[in-house]
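Enquirer: Generate coordinates for the sequence data below:
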Amino acid sequence: MLRELASLPSGRVAKWVVVALWAALLVPALMLAGRLGEVEENDNAAWLPGNAESTSVVDRAGRFQPADTLPAIVIYDRPGGVTAADLARARADAEAFRGLENVVGRPEGPVRSRDGEAFQTVVQVRKDRTGWEGVGEVVDAMTEVGEKDRGGLGFHVTGPAGHASDSVKAFAGGGGLTAITAAVVVLILLLTYRSPVLPLLPLLTAGGALVTSEAVIYLLAKNAGLTVNKQTGFILTVLVFGAATDYALLLTSRYREELRRHEDRHEAMAVALRRSGPAIVASAATVAVSLTLLMLATLNSTQGLGPACAVGVLVGLLAMVTLMPALLVVCGRWIFWPVRPSYGSAGAAEGGVWTRVGAAVSGRPRLVWSGTALVLGVMALGVFGLKADGLSSKDQFTGRPQTAVGAEIRSRHFPAGSGDPVHVVARAASAERVRSALAGVPGVARVSAPVVKGGEALVLGELGDDPSSTAAMRTVERARTAVHRIDGAHAQVGGSTAVLLDTREAAARDSEVIIPIVLLVVFLVLTLLLRAVVAPLLLMATVVLSFGAALGVSALMFEHVFHFAGAEASFPLLTFVFLVALGIDYNIFLVTRVREEAQLRGTRRGALTGLSATGGVITSAGLVLAGTFAAMASLPLVFAAELGFAVAFGVLLDTMVVRSVLVTALTLDVGRWMWWPGALFRRHDDPAPRAAEPGREPALRST
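Expert: Residues are numbered from 1 along each chain as shown. I've put the predicted structure just below:
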């Protein structure tokens, strides 16, 4: 039954039915996908766990101030000193800001700096239903007011509202990211297929999969409570294009082989689906299950990212095993023009390079795998230099947007924490004790008088450091320790700095919990697929080693080449899930073919034949996936650049070194023990290959 189902898209009539069904599906999908932005949530609650202390403070402080506001900090500066005319200008601007839509209350200031070279005005901006987009519109309106006829007076909008505005502009490059990703895919497919027409099919299929997955995610976010944000959108784009195109490459490669063996293209596709289908399905299942496990995260952003990306992978799988084969069969052999695979023709010498690699590895496989593992281990040492404890607001962009420039100017003229205080909420009876405790915390520059309403008290504390810095987060930790000691106060510390601290701690917890579970699940999937224990253990070890090496090199590049200030707290976990799940793909593609060949030739000969047969297509798949993730660098965000670089480098490392050299050498050295305790292990016709001349298959020694 499963074989019949797998062959459906290649049927003479069924192929047309499949194409018609997808065409009918894409019409409503296009409309729903366009509404994905309506359900995106980019405020603090969309990132934090519900049980975080800073989240609780937001709820308790709602009676004192609107919970849906962000401070916009306006900075005026003039080298040599601001003038009376500048002061009049800043006051006029404050009145103009007050009249803007979504500006709440009266602006605070302007306040002159101690050095007399700057003014600061704090404006509270309300987030409406459009979220960050609405905040960005207010900041743009404020900028338009402030930049008119400045006469040399500097003007910048920074603070949380300024950061939100610049983030919206950065994420607005998502459309360009899609175009760049598609262009990368087309370029690599042109080089792979050497056909001007064939790349259109996987590109169209991957595009259809992306639109359909966005529609499904929209429905889940609207009706099932799935948390979606801007980060989810750009990761989904590169993941669907990369993974779906990989599946298309594997299927098309096998289909081209079968076209040379079968005169009827429908029969060739049916065989190709049956032979390549298990590896493709196992690969997609591994990625989807690993991503779904991110639902165990406490961070809402990570929790929502997992199932959203899993939907993208599964829809991509469905498209590539239904729509893609149907389109290939509909088009016929001409789609491969100018080199059409005719029936009975000899295959191109695609495996030449990988045959030579196999020959080189087979000479001394134990020395090869141990030496390769040692080099990867040395590369992994760079992990100890990774600074994944969060990024300050000004360090989150690869360029210098308005908020970053404003933050630097502000830090030179005003106390770093002014305008973005720590919020402490406590019971009214303990208000004075809480205020005294907070005032005694090192790093707290100034404390306001308590405001009491309905049995609750709010105390604001100005930090001495940049609110988004590590030093400020340490101050919040000390503040929490101090106020928690007050009996009966039920005091809690919140504010933007506390949000960053809670995010970092939740991310650390998520890594500790999710990484071992992902490893266990991937191991179980491999065990079921390969019907063995040793091979899955070795494959898992190679992928983890590859991940460590990629992360180690990335840490060195971030600090010494790109000069990034650090990495987001969730970076190691997301990099791990993507690299382990996607990296195991290539091992699945290789080892399933090795197992197929081992049943006919023995494990050691099967290892070389499998490498030769899959080397070209797996390399192309790795280049596609690396290229799509590298396209993330087109977004002016440090997180996007870091994740894109780490995954792209890790995929290339896994494709070029781990899969082709390390796994092949291990298989040659271990031999039939790879399949222990399965039936294939009990076969004894497993001769060891001699080193072969380049371009020739290794001869076999008799046992």
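
Enquirer: Every contact and neighbour count from this point should use C-alpha atoms.
Expert: Noted.

Enquirer: Neighbours of the closest residue in space to Val145 that isn't next to it in sequence, how many?
Expert: Nearest-residue entry for Val145: Asp93, 6.8 Å, with adjacent residues in sequence omitted and distances by Cα to Cα, 6 or more residues apart in numbering. Counted with other Cα atoms under 10 Å, residues neighbouring Asp93 total 19.

Enquirer: my guess is Asp93 meets Gly146, correct?
Expert: Yes: counting by Cα atoms under 8 Å, Asp93 touches Gly146, with 6.5 Å between them.

Enquirer: so the closest residue to Val591 other than its chain neighbours is in which element?
Expert: In space, and not counting its chain neighbours, Val591 is closest to Gly610: 7.5 Å by Cα to Cα, 6+ apart. Using DSSP states H and E, the element containing Gly610 is helix 603-630.

Enquirer: helix or strand right after the host helix or strand of Ala471?
Expert: Using DSSP H and E, Ala471 falls within helix 470-484. Once the chain leaves helix 470-484, the next helix or strand it forms, by DSSP H and E, is strand 492-494.

Enquirer: Packing partners of that next one?
Expert: helix 53-60, strand 422-427, helix 470-484 (3 or more Cα pairs under 8 Å, 6 or more residues apart in numbering; DSSP states H and E).

Enquirer: Give the pairing partners of that strand; include direction for each.
Expert: strand 422-427 (antiparallel) (DSSP bridges).

Enquirer: Report the angle between the partner strand and helix 53-60.
Expert: Using axes from the mean of the first three to the mean of the last three Cα atoms, to 10 degrees, the inter-axis angle of strand 422-427 relative to helix 53-60 is 60 degrees.

Enquirer: From the contact counts, what lies against the helix or strand just after strand 422-427?
Expert: Going down the chain from strand 422-427, the next helix or strand is helix 431-439, by DSSP H and E. Helices and strands touching helix 431-439, by 3+ Cα pairs under 8 Å, 6+ apart, are strand 444-447, strand 456-463, helix 470-484.

Enquirer: which parts of helix 431-439 are buried?
Expert: Buried residues in helix 431-439, defined by neighbour count with 16 or more other Cα atoms under 10 Å: 431, 434-435, 437-439.

Enquirer: give me the low-pLDDT residue ranges for the protein?
Expert: For the chain, residues meeting the criterion pLDDT under 70 lie at 1-7, 42-50, 66-67, 128-132, 172-175, 346-351, 419, 683-703.

Enquirer: Would you point out which residue is most central in it?
Expert: For the chain, the residue nearest the mean C-alpha position is Ile235 (4.9 Å; Cα atoms, centre = their mean).

Enquirer: three-state assignment of it?
Expert: helix (DSSP: H, G, I helix; E, B strand; the rest coil).

Enquirer: which residues touch it?
Expert: Residues near Ile235 by Cα atoms under 8 Å, 6 or more residues apart in numbering: Cys309.

Enquirer: Can you tell me the strand partners of the one helix or strand Ile75 maps to and which way each runs?
Expert: Using DSSP H and E, Ile75 sits in strand 69-77. Strand 69-77 has its sheet partners listed here by DSSP bridges as strand 118-126 (antiparallel), strand 154-158 (antiparallel).

Enquirer: May I ask you to confirm that Thr69 is in contact with Val125?
Expert: Yes: taking Cα under 8 Å as the definition, Thr69 is a contact partner of Val125 at 5.2 Å.

Enquirer: Give the residue from the two that has the larger number of neighbours.
Expert: In terms of neighbours (other Cα under 10 Å), Val125 is the more surrounded of Thr69 and Val125; the figures are 28 against 19.

Enquirer: That one contacts Pro71, doesn't it?
Expert: Yes: using Cα under 8 Å, Val125 makes contact with Pro71 at a distance of 6.0 Å.

Enquirer: between the two, what contacts are shared?
Expert: Residues touching both Val125 and Pro71 (Cα under 8 Å, 6+ apart) are Ala161.

Enquirer: Tell me which other helices or strands the helix or strand containing Val405 touches.
Expert: Per DSSP H and E, Val405 falls inside helix 402-413. Helix 402-413 makes packing contacts with strand 69-77, strand 154-158, helix 159-171 when contacts are defined by 3+ Cα pairs under 8 Å, 6+ apart.

Enquirer: Going along the chain, name the helices of the stretch 301-450 of the chain.
Expert: Using DSSP state H, counting those that start in this stretch, the helices of the stretch 301-450 of the chain run over residues 352-363, 365-380, 402-413, 431-439.

Enquirer: Next, the angle from the first one to helix 365-380.
Expert: What it means is helix 352-363. If you take the same axes, to 10 degrees, helix 352-363 sits at 100 degrees to helix 365-380.

Enquirer: List the buried residues of helix 352-363.
Expert: Using 16+ other Cα under 10 Å as the test for burial, helix 352-363 gives 352, 354-363.

Enquirer: Send me stretch 297-309 as PDB with only the CA atoms.
Expert: Only the C-alpha atoms of stretch 297-309 are listed here, as PDB (Å, rounded to 0.1, in the frame of the first residue of the first chain):
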ATOM      1  CA  ALA A 297      11.300  26.100  25.500                       C
ATOM      2  CA  THR A 298      10.100  28.600  28.100                       C
ATOM      3  CA  LEU A 299      10.900  31.600  25.800                       C
ATOM      4  CA  ASN A 300       7.700  32.300  23.900                       C
ATOM      5  CA  SER A 301       9.700  33.300  20.800                       C
ATOM      6  CA  THR A 302      11.700  30.100  20.700                       C
ATOM      7  CA  GLN A 303       8.500  28.100  21.600                       C
ATOM      8  CA  GLY A 304       6.700  29.500  18.600                       C
ATOM      9  CA  LEU A 305       9.600  29.300  16.200                       C
ATOM     10  CA  GLY A 306       9.900  25.500  16.500                       C
ATOM     11  CA  PRO A 307       6.400  24.500  15.300                       C
ATOM     12  CA  ALA A 308       6.300  27.200  12.700                       C
ATOM     13  CA  CYS A 309       9.500  26.000  11.100                       C
END
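
Enquirer: Use 453 as the first number from now on
Expert: Happy to do that; since the first residue is 453 now, the last one works out to stretch 749-761.

Enquirer: Now do it: distance to the chain's middle.
Expert: A distance of 11 Å separates the centroid of the chain from that of stretch 749-761, by Cα atoms, centre = their mean, to the nearest Å.

Enquirer: Then stretch 570-581?
Expert: 31 Å.

Enquirer: ok, and what's touching that stretch?
Expert: 520-530, 533-534, 539, 542, 546, 549, 554-565, 586-587, 590, 613, 865, 871.

Enquirer: In PDB, could you pull the C-alpha coordinates for that stretch?
Expert: Output in PDB follows, covering the C-alpha atoms of stretch 570-581 (Å, rounded to 0.1, in the frame of the first residue of the first chain):
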ATOM      1  CA  ALA A 570      22.700  68.300  25.100                       C
ATOM      2  CA  PHE A 571      19.000  68.100  25.900                       C
ATOM      3  CA  GLN A 572      16.900  65.000  26.600                       C
ATOM      4  CA  THR A 573      13.100  64.600  26.200                       C
ATOM      5  CA  VAL A 574      11.300  61.400  27.100                       C
ATOM      6  CA  VAL A 575       8.100  60.700  25.200                       C
ATOM      7  CA  GLN A 576       5.800  57.800  26.000                       C
ATOM      8  CA  VAL A 577       4.500  56.000  22.800                       C
ATOM      9  CA  ARG A 578       1.600  53.700  22.900                       C
ATOM     10  CA  LYS A 579       1.600  50.400  21.000                       C
ATOM     11  CA  ASP A 580      -1.600  50.000  19.100                       C
ATOM     12  CA  ARG A 581      -2.800  46.800  17.400                       C
END
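
Enquirer: tell me which residues in that stretch are buried?
Expert: Going by neighbour count (16+ other Cα under 10 Å), the buried part of stretch 570-581 is 570-579.
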